[in-house]
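> Structure, please.
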Amino acid sequence: MTKRIPITRDRKIKIVATLGPASGSEEMIRRLFEAGADVFRLNFSHGTQDDHGERLKIIRALEEEYQRPISVMADLQGPKLRVGTFANGPVTLKIGQTFRFDDDPTPGDETRVHLPHPEVMEALQPETVLLLDDGKVRMRVTKAGKGFAEAMVEAGSRLSERKGLNVPNALLRLSPLTTKDRKDLDYALDKGVDWIAISFVQRPEDVAEARKLIAGRAQLIVKMEKPSAIEHLRELVELTDALMVARGDLGVEMPTEDVPGLQKQMVRRCRQAGKPVIVATQMLESMISSPTPTRAEASDVATAVYDGADAVMLSAETASGEYPVEAVTMMSRIATRSEQDPLYRSLIDAVQLAPESTAADAITAAARQVATTIKAAAIVTYTTSGSTTLRAARERPDAPILCLTANPATARRMALCWGVHPIQTSDVSTFSEMVKKACRLAFKEGLALEGQRLVITAGVPFGTAGNTNVLRIAWVEA
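Coordinates of the predicted model:
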C-alpha cells in the first residue's frame, strides 16, 4: 500500500538537500524527505556516476511510495582551475615577493609553480588579480608574456600543491562544460533528472551551449559564481529556466560586502521574470559538525525567505555532515517561522510585479486578488508545461498553489517552485470535470476543507501549453 504524507508543507519556500556519503542510503534519503527536503541535489563534483544513479533510483522509489513528485537536480562540476605541484611540499610566501606561474610542468618551489591552464595564461595581464586556495592567498600580476606570468604576493603566507585558482577580473576562454561534464550530463539525462545545473557560466553564450546539449530533456539552472555572469544577469535570467545564487564561489571572486546586495538583486530579477531562484552555499554550515546553527545562520536563511526566494539549499550539511536530518529539520523550522512573521507578507508584497499585457498574465494576477478577497483555501492551476503554475508562483499569493498536471516531468519540476504543491493526475476533457477534480484533490490532499473555496485557473481548450484563459471559483464538497 502506498503511503501518503500531507501534500502541504508548513512553508512555501522549498528546501534543496545535497546527497553524499552521509546521506546516500535509502534510510537517510527517506528521513531527509520526511524532514522536509523537496528537491535532491546530486553533486557530480564528488562521487561516481553509479553512486548518483543508485540515489536517483531510491528517490524515484520513494516518489512512487509516497505518491508525491520529487525534483532531482544534477549539478555539474565545471572547470576546476588548479596550480601544479611543488617539489618539497607546501611553500612559504612573503608579502611583496615575486612569484612566477609558467607552462613548465616541473614541480615548483618558493619562486614558481606550473599553471596547467593555457586559457588562463592567455588571459593574464598586468593588474590581473589571482586568488588561490579559496582566497587565502592573493596575488596581482605585474608582468605577463607567452607561457608565463609574474605576480606580486599581496596576502597569504602558505601555498600547497593543486590548490584552486580564481581569476575574478578576467574573462577566460573556457567552456563551462568539460569532457567530464559532458559525460556526466549524458548520464544524468539518460537517468531522467529534472534539472541540470551548470557551473562557471561567464556569458550568455555559455547557456546556449548547454541548451543545445540538453535538448529539452531537462530544465537548466545557471549557477551565478562569476563576476562576469553578474554583468550579464538580465540576459542570463532570460535564457535559463532557474538561477542559483552560488554565494561561496561568488564571495571568493567578489568583495564579501557586495554579496548580500547581489543576492537580493538576483532574487528580485528572477521573481520579476517568473523564474525559480535558489539561494545556496554555507546557509547552515556550522551544522556540518554541530546539532544547532549559529544565530547568524538562522538569520541568513530567514533573509532568503523574506526576499521571496523559491528555495534554499544545503550542501555539505546534508552531503557529508554529522547532522543531515537535523539540518533539514532546522532549515524547515526557520523558514516556517519566518513565513509566519506578521512582517513577512508586507515584505513579499513590497515587490510589486506588473503583469504582462497578455490574457494569461491578467487571469493569473486576478486569481491572486480573488483568492485574497474571498480567503480561498488554495489556487488550483491546470498546466501542461508548467507555465500556468509559474505565473501563479510569480504572484506570491497568500494561498498555496495546487498544481495539477498529467505530465510527470512537469510535476517534478514544479516541486522546486515557491508555494507550489504538484500532483500528477490524469487529463480532463470537460470544464465541469476540471472543477470536480480540483475540488476532490484539494480536499483529499488536505489543502481545503468542506465548504471552503478554491480559485481555479486553466487554459481552454485543454492541453494547450501557456494558454491560461479561464478563472473559476468553486466550493469544496466532501
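> which element is the residue nearest to residue 407 when sequence neighbours are not counted on?
Take residue 407 and drop its neighbours on the chain: the residue closest to it by C-beta to C-beta, 6 or more residues apart in numbering is residue 384, 6.1 Å away. (C-beta placed from N, C-alpha, C; glycine too.) Assigned by DSSP states H and E, residue 384 falls within no helix or strand.
> try residue 23
Using DSSP H and E, residue 23 falls within no helix or strand.
> from what I can see the residue nearest to residue 407 touches residue 406, true?
Yes. Shown here, residue 384 and residue 406 form a contact pair, counting by C-beta atoms under 8 Å, at 7.4 Å.
> the bottom helix or strand of the protein by mean pLDDT?
helix 247-253 (a mean of 89; mean pLDDT, DSSP states H and E).
> contact partners of that helix?
131, 134-135, 166, 168, 223-227, 230, 259, 262-263, 279-282 (C-beta atoms under 8 Å, 6 or more residues apart in numbering).
> Are any of those buried, and if so which?
Among these, the ones that count as buried by 16 or more other C-beta atoms under 10 Å are 131, 135, 166, 168, 223-227, 230, 259, 262-263, 279-282.
> residue contacts, residue 20?
43, 46-47, 316, 318-320.
> Out of those residues, which is nearest to residue 108?
Ranked by distance to residue 108 (C-beta to C-beta), these are led by residue 46 at 27.1 Å.
> That closest one and residue 27: what is the separation?
Distance of residue 46 to residue 27, computed by C-beta to C-beta, to the nearest Å: 20 Å.
> Compare those two (neighbour count), which wins?
Taking other C-beta atoms under 10 Å, residue 46 and residue 27 do not tie; residue 46 has more neighbours (17 against 9).
> burial measure for residue 105, as a count.
If you count neighbours by other C-beta under 10 Å, residue 105 ends up with 10.
> again, but for residue 311
Other residues within reach of residue 311 by the criterion other C-beta under 10 Å amount to 25.
> Next: the one 10 residues further on.
Neighbour count for residue 321, taken as other C-beta under 10 Å: 24.
> Likewise for residue 477?
If you count neighbours by other C-beta under 10 Å, residue 477 ends up with 10.
> Wait, it touches residue 439, no?
Yes. Taking contacts as C-beta under 8 Å, residue 477 lies within contact range of residue 439: 6.4 Å.
> Quick check: neighbours shared by those two?
Joint contacts of residue 477 and residue 439 (C-beta under 8 Å, 6+ apart) do not exist.
> circling back to that earlier point, what about the contacts of residue 20, which one has the most neighbours?
Among the contacts of residue 20, residue 318 has the most neighbours (other C-beta under 10 Å), with 33 neighbours.
> wait, is that one part of a helix?
Yes. Assessed by DSSP: H, G, I helix; E, B strand; the rest coil, residue 318 belongs to a helix.
> so it makes contact with residue 24?
No. Between residue 318 and residue 24 there is no contact under C-beta under 8 Å: 10.5 Å.
> Could you tell me how far residue 38 is located from residue 181?
Applying C-beta to C-beta, the value for residue 38 to residue 181 is 25 Å.
> Same check on residue 345?
According to C-beta to C-beta, residue 345 and residue 181 sit 41 Å apart.
> Just want to know which of these two has more residues nearby.
Taking other C-beta under 10 Å, residue 345 and residue 181 do not tie; residue 181 has more neighbours (22 against 12).
> and that one, what element?
Element membership of residue 181, judged by DSSP H and E, is helix 179-191.
> which helices and strands sit right next to that helix?
helix 49-66, strand 71-75, strand 195-198, helix 204-214 (3 or more C-beta pairs under 8 Å, 6 or more residues apart in numbering; DSSP states H and E).
> tell me the angle that helix makes with strand 71-75.
Going by axes from the mean of the first three to the mean of the last three C-alpha atoms, to 10 degrees, helix 179-191 is angled at 160 degrees with respect to strand 71-75.
> Residues contacting helix 179-191, please?
With C-beta under 8 Å, 6+ apart as the criterion, helix 179-191 contacts 42, 44, 49, 52-53, 56, 74, 76-78, 177, 196, 198, 213-214, 217-218.
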